[in-house]
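J.: Okay, predicted coordinates and the sequence, questions at the end:
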Amino acid sequence: MRAVHFCNACGKVQPPVPVDYFTFFGFPRKLNLDTAALEKEFYALSRKLHPDVFGQADDQERAWSLEQSSRLNDAYRALKDPIKRTEYLLKLEGIELEEQSKQATEKARATGELKKQVVPPDLLEEVFELNLQLEELRMQKKMGEDDPALIEEISLAKLALEEKHDALLHELKTQWSEWDKIMDARENEGTESGRRRILDQMVDVLNRRNYLRNLVRDVNEVLVN
Amino acid sequence: MNFMATDYIVGIDLGTTNSLVAYMQGDSPVVIPGEDGLNLVPSVVALDEKNQIIVGNAARKYLIETPERAVYSIKRLMGRGLEDVQDELKLFPFQLADDLQPGEVLRIKIGERTYTPPEISALVLRQLKRNAERFFGAPVTQAVITVPAYFNDAQRQATKDAGRIAGLNVLRLVNEPTAASLAYGLDKKKNGIVVVYDLGGGTFDISILKLHDGIFEVIATNGDTHLGGDDIDNLLISIALDDIRGDVGLDMRRNGEVVARIRKAVIEAKIALSSQPSAKLDVDLPNGKRYQREITLEVFERMIQSIVGRTVGPCKQALKDAGLKPEQIDEVVLVGGSTRIPAVRRLVEDLFQREPRTDLNPDEVVALGAAVQAHILGGGSEVTQDMLLLDVTPLSLGIEVAGGVTDKIILRNSTVPASATQYYTTQVDGQTNVAIHVLQGERELARDCRSLARFDLKGVPPMPAGLPRIEVKFLIDANGILRVSAREQRSGQEAEIDVQPSYGLTDEQVENMLLESYDNAEEDFRQRQVIEARREADTILTALVKAKIDYAWQELGNDERRNVEALEKSLIAVKDGDDYHAIRDGIDKLNEATLRLAELMMDTAVSTALKGKAMDDADMQEGPEAGHPMAKADFE
């Protein structure tokens, strides 16, 4: 059920209720989400909650409208993007995905040490090789040299990484469906361990996906510059 | 016209070069002209020889005659600090105050006086306000003001301050390209992706919008707040100065008057080159010398290529952020005077692979859109009831974390209002203050981002280190301006926030500036209104005295006469007071009550005239000047 954002009797905006983003839109906590329906709901709620609608209202209503519409926008942003939606669900389920990496980043910067990024084991060999090649290309570019064969090799490696990346997204979608099944059968007591397992799987996929994405970005930077 | 019922909310385009004020007249927005009949008010402020402030067209001559007593393009300095205007100072004849301290809001010298950029902008706004008041015959206190979409928090805040100083309650800051899209989309209820390319006098914006059943949703925006026609002018000026040094052997760089004359000449040439294959520069120099040069369109376009080319990067970035390819764009709209340059049009056509729309007046469309938004905020009407703007923040908002790194908490192109919540704790036992450094920008390191403000959370209850949990909520409102609130969660105490804006005026400073100009302006207007109403009351009362000796008076019924006399008495009672509304009310009531009397007098006058009597004898010679019913005897 959707949270109550305005009074049904008088249509006035109400103070925000602390609910999660799924509830804010009246959606179940499921990952396969009809984004067209989400957009439609976003527009409909915007028409009712946006501060522009309250141009002539009193201060209290204007303050509530500001809070409500910022929450609406935050919720829409989190849910419309598949990755952000997954991350948000994990957070709701008590998993702080970013915490470790963010702290590591800050610590690395504060101490000046290089951040140790955990390389997914199945990529270890490939990444080692790629990093060597990238280093070589950087050096060559500095010297003003040009090695089309090396660029070709790196481009091919990049292509392979991108394919892996897409495969991970595919994997994530199957996990979504598993999660949604569990949500549909929520009353069933036996699902707690299955729930935990699927959440852990999604964390793993997202971590690998983020790693790949950063890697592809690095490669692109070297290739373009 | 009704003088009391409507509170007019105007839309204002506060431009680098020109400013305009517009309002919604029925179903369509219109620009309100100034006293000189012109729609554009040049954003020029000057002091005349008597130290009177002159704004707009009338101030332009001072740019040439006494350049040290005039200022233009002040928008470039809005919300900026001393260290980031160094480039600007080389190119523009801004004279900084001699006693300017580092960290202080800039002050510009005009003649012997100094003004902050928001004050100078406020003088332009006040002129627009007056133009609107003259037009409506009523005070104007509420406005929507447009800003470049790529303006940061400090620049927006400075604009809002300018509004306040001018005596305007700024209901909303609207991004210029978004405002343009509102004006553009008003009569065409179509859906699709629209790109607005806005190259003005000093700023460049690119916005990509999705139009959907009246919702104007900005998907991505980008730009450069220091790129526009000014840059073209400055380039041409520096080329001319080089020429003069080389050919004539004169170094005119420090000669303000000559530079001002060159500026005028290159602007005229630039404008001419939008419709002609070549233009001439002809400038008088000291010692009877002169500078003459012909510029062909081809040479001109080669000269400005590097400036115009700077718009490409932001366009590509906006497309990328929106996740769109040029072929997915349905329409491209050109805004801003600089889009009249044929080379700019070609560039836009190449970038988006479609011919841009040029049927809108690029100088006026932003103000017209602001008027539409003003109308919506005022409650709207049938024509605007489905319209809603969903705009975005152009720059990411971040917090400085350990190691001088920016931790982004609200990403650019997030729909506003947008919020983010961060949690802070203490490092030392009993610590009661926590400092937060808020940044705006896309760069990794805090020092490369724009410092918005330092917040000092005070009044944290003393606890062992790490135990307090302070929730800080950052909220970007619909104006794109940051608001911060904080609460210590364990004690539930609201933490006090001490804001030190990195650039900008404090509330107190604004308050002081406003007392000087705002109150006076309001008072001036009120007094003018009272005086005019009193004059009108005198006219109608005099006419009534005369009417009472007319035959027509006898023809009224007793009740009617008593009523008129009662209203006459009450108007006499209030007319010398200071209550405009009371006087106005008295006039209107008496006018209404004497409607029949006026008609009867008309009949008498006509029949008297028919009987061959001179009009003089009909006692109509002192026909009142004011347009009330007693004056209906105008024989057309």
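T.: Nice, thanks for sending it over. From a predicted model like this one, the values you see are computed outputs, not experimental measurements.

J.: Who are the contact partners of the residue positioned nearest the centre of chain A?
T.: Against the mean C-alpha coordinate of chain A, by C-alpha atoms, centre = their mean, the closest residue is A:K84 at 2.4 Å. If you count contacts by C-beta atoms under 8 Å, 6 or more residues apart in numbering or on different chains, A:K84 has them with A:R77, A:A78. Where you see a C-beta, it was placed from the backbone N, CA and C, and this is true even at glycine.

J.: so how far is A:D204 from it?
T.: Between A:K84 and A:D204 the distance, using C-beta to C-beta, to the nearest Å, works out to 18 Å.

J.: The top helix by length along chain A near chain B at all?
T.: As far as residue count goes, and with DSSP state H defining each element, the longest helix of chain A is helix A:148-184. No - using C-beta under 8 Å from any C-beta of the partner chain, helix A:148-184 stays clear of chain B, coming no nearer than 15.6 Å.

J.: so how far is that helix from its chain's centroid?
T.: For helix A:148-184, the distance from its own C-alpha centre to the chain's C-alpha centre is 15 Å (C-alpha atoms, centre = their mean, to the nearest Å).

J.: Give me the buried stretch members for that helix, please.
T.: By neighbour count with 16 or more other C-beta atoms under 10 Å in any protein chain shown, helix A:148-184 contains the buried residues A:153-154, A:157-158, A:161, A:164-165, A:168, A:171-172, A:175-176, A:178-180, A:182.

J.: ok, so of the residues you listed, who is nearest chain B?
T.: Taking C-beta to the nearest C-beta as the measure, chain B sits nearest to A:H165 out of those, at 16.7 Å.

J.: The closest one against A:L206, yeah?
T.: No - at 11.8 Å, A:H165 and A:L206 do not qualify as touching, with contact defined as C-beta atoms under 8 Å.

J.: next helix or strand past the worst-scoring helix or strand of chain A on mean pLDDT?
T.: Lowest on mean pLDDT, DSSP states H and E among the helices and strands of chain A sits helix A:99-111, with a mean of 50. Read in the C-terminal direction, the helix or strand following helix A:99-111 is helix A:124-143, with elements assigned using DSSP states H and E.

J.: Between helix A:148-184 and that following helix, find me the angle.
T.: Between the axes of helix A:124-143 and helix A:148-184, defined by axes from the mean of the first three to the mean of the last three C-alpha atoms, to 10 degrees, the angle is 140 degrees.

J.: quick one: average confidence on helix A:124-143?
T.: Helix A:124-143 comes out with an average pLDDT of 83.

J.: Report the inter-axis angle for whichever strand or helix holds the residue nearest to the centre of chain A versus helix A:148-184.
T.: Here A:K84 sits within helix A:82-92, counting by DSSP H and E. Between helix A:82-92 and helix A:148-184, the angle formed by their directions is 50 degrees, by the same axes, to 10 degrees.

J.: Quick check: buried residues in helix A:82-92?
T.: Going through helix A:82-92 with 16+ other C-beta under 10 Å, the ones that come out buried are A:P82, A:R85, A:T86, A:E87, A:Y88, A:L89, A:L90.

J.: before we move on, what about stretch B:102-116?
T.: For stretch B:102-116, a neighbour-count test (16+ other C-beta under 10 Å) marks B:V105, B:L106, B:R107, B:I108, B:K109, B:I110, B:G111, B:T114, B:Y115, B:T116 as buried.

J.: can you tell me which residues contact the fifth one?
T.: Applying C-beta under 8 Å, 6+ apart to B:K109 gives the contacts B:E68, B:Q95, B:L96, B:A97, B:D98.

J.: Number of residues surrounding the closest residue to B:E349 other than its chain neighbours?
T.: Nearest in space to B:E349, with sequence neighbours left out and distances taken as C-beta to C-beta, 6 or more residues apart in numbering or on different chains, is B:E355 at 5.8 Å. The burial count assigned to B:E355 is 11, neighbours taken as other C-beta atoms under 10 Å in any protein chain shown.

J.: got any ranges where the chain has weak pLDDT?
T.: Just going to use chain A. Of all residues in chain A, those with pLDDT under 70 make up the ranges A:1-4, A:8-9, A:11, A:96-120, A:186-191, A:225.

J.: Correction: the question concerned chain B.
T.: Applying pLDDT under 70 to chain B flags residues B:1-6, B:186-189, B:495-496, B:498-502, B:514-525, B:605-636.

J.: ok, 50 please
T.: Low-confidence segments of chain B, defined by pLDDT under 50, are located at B:1-5, B:515, B:518-519, B:612-636.

J.: what about the helices in the stretch 251-400 of chain B?
T.: Secondary structure of the stretch 251-400 of chain B, counting by DSSP state H, counting those that start in this stretch: helices at B:256-272, B:297-309, B:312-322, B:342-352, B:365-377.

J.: hmm, back to that, neighbour-wise, which of the contacts of B:K109 leads?
T.: When the contacts of B:K109 are compared by neighbour count (other C-beta under 10 Å), B:Q95 ends up highest, at 18 neighbours.

J.: which residues sit in contact with it?
T.: Contacts of B:Q95 (C-beta under 8 Å, 6+ apart): B:E68, B:I108, B:K109, B:I110.

J.: Grab the two from those residues that are most spread out in space.
T.: Farthest pair in the contacts of B:Q95 (C-beta to C-beta) is B:E68 and B:I108. Separation: 11.0 Å.

J.: any idea how far B:L475 is from B:Q155?
T.: If you measure B:L475 against B:Q155 using C-beta to C-beta, the figure is 19 Å.

J.: Compare those two and say which is more crowded by neighbours.
T.: Counting neighbours by other C-beta under 10 Å for B:L475 and for B:Q155 shows that B:Q155 has the greater number, 26 against 22.

J.: shouldn't the more buried one be in contact with B:L77?
T.: No - counting by C-beta under 8 Å, B:Q155 does not reach B:L77; the two are 9.6 Å apart.

J.: Pull up the gap between B:E294 and chain A, please.
T.: Here the distance between B:E294 and chain A works out to 42 Å (C-beta to the nearest C-beta, to the nearest Å).

J.: Now for that residue, how many residues are close by?
T.: Counted with other C-beta under 10 Å, B:E294 comes out at 11.

J.: Contacts only, for it.
T.: B:E294 touches B:S278, B:A279, B:K280, B:L281, counting by C-beta under 8 Å, 6+ apart.

J.: can we see that at 10 Å?
T.: When the contact criterion is C-beta atoms under 10 Å, 6 or more residues apart in numbering or on different chains, the partners of B:E294 are B:A269, B:S278, B:A279, B:K280, B:L281, B:D282.
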